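Peer 1: build me a model:
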Amino acid sequence: MSNTVTHTASAAVPLFQIRPDVTAAGAVTEKQSTAQLKSRIPWPTTKEVHQRWQLEQMAAAFRIFAKLGFADGGSGHISLRDPIDPKTFWINPYGVHFGLLNVSDMVRVDENGRRVGGADMLVNTAGFTIHAAIHRRPDINAACHVHSPYGRAWSNFGRGIDMLNQDSCMFYDDLAIYNNFGGVVFAAEEGKRIATALGPRHKNIILQNHGLLTCGGTVAEAAAFFIALERACHAQLLTEAAIAPSSIGGQSGLRKTIVGGEEASYTKEGTGNPEVMYMQFKPEYDMILKETNGDFLK
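Peer 2: Reported below is the predicted structural model:
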């Protein structure tokens with residue numbers, strides 16, 4: 001992960017530190033400890049460095065999403081609570097392709113959607129309305145919602161995903177459903193209803209007839225959850241197609257094998273925690289950094 005920052009610091013004061021005893025959300029469980037021996041988040045030591053670090057992750061996430069085919073015209077957004085002024089957050093400008101976004105393109109707005117810093121560009125009103133309500137939950141510092149193909153397709157059914165494999169288990173007891181599609185989200189009440197459906201602890205939600213939304217304590221966590229959930233929806237669609245009766249009434253003879261609750265819970269704790277999700281994002285970040293020669297850091 002790039003430690004590129006625009007600030008200077010004394011050589012005696014490290015810009016980043018490892019917190020060995022806590023996760024982004026709180027205490028480490030016994031089941032998480034083994035995975036976390038290898039998974040550590042390099043937390044910045046100052047708010048200014050933290051802000052730059054998260055904006056770099058944000059710009060990188062858009063470039064990664066573009067590479068994965070998630071860009072869709074003016075649709076889609078990532079938001080980030082500002083570490084310096086937590087009552088404001090950063091969001092991407094409206095109508096700019098994900099593959100062109102840089103750190104300097106991000107817009108900082110207040111709780112009412114008014115620009116207070118960053119680029120002097122328009123923001124997506126619908127995106128702000130959703131994210132402003134979600135960010136009222138104090139543990140959510142970043143949220144991703146883009147119109148990815150498999151997430152949109154699976155969202156039509158208004159149901160969660162089955163625990164079909166290890167990667168699906170990242171979402172065990174951590175995936176909400178919002179069944180009340182209200183059209184393009186311009187009304188503040190719609191954003192509040194989505195936040196209510198997400199609840200006090202889930203970080204991921206399927207919006208029926210709309211797509212996916214994922215959250216995290218860092219941009220890396222939220223983005224890694226989004227990529228993983230999009231792929232889980234793809235696996236679900238492939239599985240459903242494989243077991244479906246044929247058009248002439250024949251049966252495939254295949255059936256789903258679902259991971260049990262105890263095993264899924266154990267897997268979730270070891271693979272779906274903030275540290276491991278950070279490590280899921282880091283290789284994608286490193287690759288886009290090399291492919292773009294750090295262009296998005298501007």
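Peer 1: quick one: the strands in the protein?
Peer 2: For the chain, the strands identified by DSSP state E occupy 16-18, 42-44, 77-81, 89-91, 107-109, 115-118, 142-145, 176-178, 204-207, 211-216, in order along the chain.
Peer 1: pick the most deeply packed of the ones you listed.
Peer 2: The densest packing among the strands of the chain, expressed as mean neighbour count by mean count of other Cβ atoms under 10 Å, is seen in strand 142-145 with a mean of 29. For glycine as for every other residue, the C-beta is placed from the backbone atoms N, C-alpha and C.
Peer 1: what's the spacing between residue 237 and residue 158?
Peer 2: 14 Å (Cβ to Cβ, to the nearest Å).
Peer 1: then residue 198?
Peer 2: For residue 198 relative to residue 158 (Cβ to Cβ), the value is 15 Å.
Peer 1: more crowded one of these two?
Peer 2: Neighbour tally, residue 198 and residue 158, criterion other Cβ atoms under 10 Å: the higher count belongs to residue 198, 23 against 15.
Peer 1: which ones are touching the more buried one?
Peer 2: With contacts defined as Cβ atoms under 8 Å, 6 or more residues apart in numbering, residue 198 is in contact with 134, 137, 176, 178, 205, 213, 215.
Peer 1: tell me which of these is nearest to residue 268?
Peer 2: Distances from the contacts of residue 198 to residue 268 were compared by Cβ to Cβ; the smallest belongs to residue 176, at 14.7 Å.
Peer 1: my guess is the closest one contacts residue 203. True?
Peer 2: No - applying Cβ atoms under 8 Å as the test, residue 176 and residue 203 come out as separate, 9.0 Å apart.
Peer 1: would you map the helices across the stretch 1-150 of the chain?
Peer 2: 30-36, 47-67, 125-134, 149-155 (DSSP state H, counting those that start in this stretch).
Peer 1: out of the strands of the chain, the one nearest residue 54 is which?
Peer 2: Relative to residue 54, the nearest member of those by Cβ to Cβ is strand 77-81, separated by 5.4 Å.
Peer 1: isn't residue 155 right up against residue 206?
Peer 2: Yes - look at residue 155 against residue 206 with Cβ under 8 Å: they come within range, at 5.2 Å.
Peer 1: now for these two: what residues contact both?
Peer 2: Here residue 155 and residue 206 have residue 212 as joint contacts, going by Cβ under 8 Å, 6+ apart.
Peer 1: can you pull the pLDDT of the closest residue to residue 165 other than its chain neighbours?
Peer 2: Leaving aside its sequence neighbours, residue 165 sits nearest to residue 235 (Cβ to Cβ, 6 or more residues apart in numbering; 6.6 Å). Turning to residue 235, the model gives it a pLDDT of 97.
Peer 1: likewise for residue 31?
Peer 2: In the predicted model, residue 31 carries a pLDDT score of 49.
Peer 1: with residue 85 instead?
Peer 2: The confidence metric pLDDT takes the value 97 at residue 85.
Peer 1: check the one 5 residues further on too.
Peer 2: At residue 90, the predicted lDDT confidence score is 96.
Peer 1: what do you get for residue 193?
Peer 2: At residue 193, the predicted lDDT confidence score is 89.
Peer 1: tell me how many other residues crowd the nearest residue to it once chain neighbours are set aside.
Peer 2: When the adjacent residues along the chain are set aside, residue 193 lies closest to residue 180, with 6.3 Å between them (Cβ to Cβ, 6+ apart). Counted with other Cβ under 10 Å, the neighbours of residue 180 add up to 12.
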